[in-house]
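>>> Structure of the sequence below:
(one chain, ligands or ions: 3)
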Amino acid sequence: MDALHAYLEKNKDRFLEELFELLKIPSVSADPAFKDDVFEAAEFVRSRLEEAGAENTEVCPTEGYPIVYGEKMVDESAPTVLVYGHYDVQPADPYELWETPPFEPVIRNGAIYARGSSDDKGQMYMHIKALELMLATDVLKCNVKFMIEGEEEVGSASLGQFVKDNKERLAADVVLISDTALISMEHPSITVGLRGLSYMEVKVTGPNRDLHSGIYGGAVANPANVLSEMIAQLKDDDKRIRIPGFYDRVDELSAEERAAMAEIPFDLEAFKSELGIPDVEGEKGYSTIERTSIRPALDVNGIWGGYTGEGAKTVIPSEASAKISMRLVPHQRSEEISALFEKYIKSIAPPSVRVEVSSLHGGEPVVTPVDSVAYRAASKAMESTFGKKPIPYRSGGSIPIVPMFEELLGLKSILMGFGLDTDAIHSPNEHFGLINFFKGIETIPYFYRYYAEMHGRSK
Ligand code: BES
Ligand code: MN
Ligand code: MN
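Ligands and ions are numbered 1, 2, ... in the order given. Next up is the predicted model:
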């Protein structure tokens, strides 16, 4: 591995320059204004993959944004690793809260500041550079396939079909993903669970136009009031979700499992101060770590209606809306939860308004094994570079493709992420530590090495 380290040291600056180029492309999948940029990012990834030594690279068209494919097959008898990542990013709004512009990457306080630096361009690019490293030093003993998509941040609508149509091409032994976070640099970790998602929109309509709030106020249902009242009925005083049937399938953890979770290093005071909140809040009877991992959650993501401009306008809005997401845990099912939500919302709607509910996107929760050859290889790889055995822990975020890989390809995933929860992903001033970027590039080759060794032995 010495040649590998030498190669990394020698090429660090170039690796960063290349990543910066990618970060400069505003590949925001949610906003059609950036359509050309998203395509440009796809081609950028493809050509860098090819330069790194991947073969059969292709920008594969889909009904939405393309999926970038590339592979390096070294030995028929060796195991095959399918690397997944995404080159699309979240919208950068609100721009005015960025200290430096989101698509002009800079290094500040030892971190790369740019939209997508941590989620997921920086983490995905580590894998391309690790491939270059392994091929340049001739140490790669696994077959590698890359599948990098451009619609992750908008629900991966085209990915399922692509996977179904390309089962042969994507055949592998395990999926490797860096799109999650470490507990901290001092406490390396491997993510072994992700929450699912049901994302809903609720629209409440009252009168056929905005009304004078003096002439009509008190006699006509106000959609903004009604929507707020309905949202208030989604949780009880213990912050439990009141949707009937919501918890029916929730997998309750054993006392031993919860005791193990309590061992995960977590500093509540640091958590509060980093977020600038006077206190935490959540379901009664559960710790903060449990609330963000093994317990479901329900949050309003956006709410609007009526007059929000300068000064006062006396008006009863004609309509009001909210986007509401629910994070799901094993063995809840996204479609079922969305249906239960709709039924409940409609049941609590007063007869004075009309309510429309739609489901925007969803994804299933997943737990990945800790007793597999691939997990042991990932654990040993991180131990080699962090000097500490990584802690398996469940994350609260969602990557809907992970359960889909299980269902469609029969493949388990290794969620070896190198970000930090404090990277401000999806927020202004997203950043990714230089240390994290290079640690990732350093750790990935160890994974391939140990996986090839252990895989051979387990046969
Ligand atoms: N990389 C994140 C998911 C993530 C982040 C998992 C940190 C664990 C720790 C991913 O890009 C993401 O943002 N996913 C979305 C879901 C998607 C369907 C829009 C999410 O979790 O909101
Ligand atoms: Mn991501
Ligand atoms: Mn994301």
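
>>> per-residue pLDDT, the residue of the chain most remote from its centre?
With distances taken from the mean C-alpha point of the chain and given as CA atoms, centre = their mean, the most distant residue is Ile215, at 48.1 Å. In the predicted model, Ile215 carries a pLDDT score of 97.

>>> go on, Val106?
98.

>>> Tell me the spacing between it and ligand 1.
Taking CB to the nearest ligand atom, to the nearest Å as the criterion, Val106 is separated from ligand 1 by 22 Å. (Each C-beta comes from the backbone N, C-alpha and C, glycine too.)

>>> repeat for Gly64
Gly64 sits 14 Å away from ligand 1 when distances are taken as CB to the nearest ligand atom.

>>> repeat for Gly245
From Gly245 to ligand 1 the distance is 23 Å (CB to the nearest ligand atom).

>>> ok so, going back, just confirm the residue farthest from the centre of the chain is within a strand.
No - looking at Ile215 with DSSP: H, G, I helix; E, B strand; the rest coil, it is coil, so not inside a strand.

>>> How about the contacts made by Met64?
Rather than Met, residue 64 is Gly. Contacts for Gly64 were tallied using CB atoms under 8 Å, 6 or more residues apart in numbering; they are Gly150, Glu151, Ala157, Ser158.

>>> typo on my end, it should be Asn56
Applying CB under 8 Å, 6+ apart, the residues contacting Asn56 are Tyr69, Gly70, Glu71.

>>> Tell me the residues of the protein that contact ligand 2?
Within the chain, the residues that sit near ligand 2 (CB under 5 Å from the ion) are Asp119, Asp120, Asp179.

>>> Let me know the closest of those residues to Glu50.
Of all the residues of the chain next to ligand 2, Asp120 has the smallest distance to Glu50: 20.1 Å, by CB to CB.

>>> For the closest one, list the residues it contacts.
When contacts are counted by CB under 8 Å, 6+ apart, Asp120 is found next to Gly85, His86, Tyr87, Val89, Glu152, Ser178, Asp179.

>>> ok, back up a step: looking at the contacts of Asn56, spot the one nearest Ile324.
Relative to Ile324, the closest of these is Tyr69; by CB to CB it sits at 35.7 Å.

>>> How about the backbone phi and psi for the closest residue to that closest one other than its chain neighbours?
Using CB to CB, 6 or more residues apart in numbering and skipping residues adjacent in sequence, the residue nearest Tyr69 is Glu58, 4.9 Å away. Per-residue torsions, Glu58: phi -160, psi 140 (degrees, to the nearest 10).

>>> Check Leu159 too.
With angles defined as degrees, to the nearest 10, Leu159 sits at phi -70, psi -40.

>>> What's the per-residue pLDDT of it here?
94.

>>> and what of Ser458?
If you check Ser458, the pLDDT there is 62.

>>> Would you quantify the distance from the residue nearest to Tyr69 to Ile25?
Look at Glu58 and Ile25: by CB to CB, to the nearest Å, they are 19 Å apart.

>>> Strands along the stretch 301-450 of the chain, start to end?
When assigned using DSSP state E, counting those that start in this stretch, the strands of the stretch 301-450 of the chain occupy the ranges 315-316, 319-328, 354-363, 366-367, 391-394, 413-415, 419-420, 431-433.

>>> So which of these is nearest Asp36?
Shortest distance between Asp36 and these, using CB to CB, is found for strand 354-363: 23.9 Å.

>>> That closest one vs strand 319-328, what angle?
Interaxial angle of strand 354-363 relative to strand 319-328 (axes from the mean of the first three to the mean of the last three CA atoms, to 10 degrees): 30 degrees.

>>> chain center to strand 354-363: distance?
In terms of CA atoms, centre = their mean, to the nearest Å, the centre of strand 354-363 is found 21 Å from the chain centre.

>>> As CSV, the strands of the stretch 301-450 of the chain with mean neighbour count would be great.
Rendered in CSV, the data for those read as follows (neighbours: other CB atoms under 10 Å):
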stretch, mean neighbour count
strand 315-316, 21
strand 319-328, 21
strand 354-363, 17
strand 366-367, 21
strand 391-394, 21
strand 413-415, 26
strand 419-420, 22
strand 431-433, 26
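
>>> Generate CSV for these, with distance to ligand 1 and mean pLDDT as supplementary columns.
Putting the strands of the stretch 301-450 of the chain into CSV (distance: least, CB to the nearest ligand atom, whole Å; pLDDT from 0 to 100) gives the following:
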stretch, distance to ligand 1, mean pLDDT
strand 315-316, 34, 98
strand 319-328, 8, 98
strand 354-363, 5, 94
strand 366-367, 11, 96
strand 391-394, 9, 95
strand 413-415, 8, 98
strand 419-420, 7, 98
strand 431-433, 12, 98
